[in-house]
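Colleague: Requesting a structural model of the entry that follows:
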Amino acid sequence: RKSALQTTNGKKRERRKRRRTVLLLLLLRMSLWTLLQSVLLVANAFAVLNEERFLEPKSLSQSAITSGYVSAHGFKGQLIGLIYAASYLRMPLLAANAIVIFVKVLFG
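Modeller: As a prediction, this is how the structure comes out:
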């Protein structure tokens, strides 16, 4: 038979283990939230780039691919495609930004 001291020590260990698990889950959730905010921030940055003023002088516009100056399958071509696609995501980004702002105001 276990003594009363061993039983209480076992219960304390279980409680500590549960606390650590809850803390780990909270930290994981916070880091996923931070990662989501970071991705949203980068998507916003891509969406607001002006093609004529910023991208054209650096050969990062869609016309660089269509003229054959940049390969569509290379890194630069893929980056151009990503920037071009992000410009079409302005409305979903607006909704995502509104959700993030609402959560930040609500939960701090």
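
Colleague: What's the first helix or strand after the helix or strand hosting Arg19?
Modeller: Taking DSSP states H and E as the criterion, the element that holds Arg19 is helix 4-47. With elements assigned by DSSP H and E, the helix or strand that comes after helix 4-47 is helix 62-66.

Colleague: Please state the offset of that following helix from the chain centre?
Modeller: On the basis of C-alpha atoms, centre = their mean, to the nearest Å, helix 62-66 sits 28 Å off its chain's mean C-alpha point.

Colleague: residues of the following helix or strand past that helix that come out buried?
Modeller: Per DSSP H and E, the first helix or strand lying C-terminal to helix 62-66 is helix 75-87. Of all the residues in helix 75-87, those buried under the rule 16 or more other C-beta atoms under 10 Å are 76-77, 80, 83-84, 86. Backbone N, C-alpha and C define where each C-beta goes, glycine included.

Colleague: elements contacting the helix holding Arg19?
Modeller: Packing partners of helix 4-47 (3 or more C-beta pairs under 8 Å, 6 or more residues apart in numbering; DSSP states H and E): helix 75-87, helix 90-107.

Colleague: relative to helix 90-107, how tilted is the first one?
Modeller: In this case it means helix 75-87. 70 degrees (axes from the mean of the first three to the mean of the last three C-alpha atoms, to 10 degrees).
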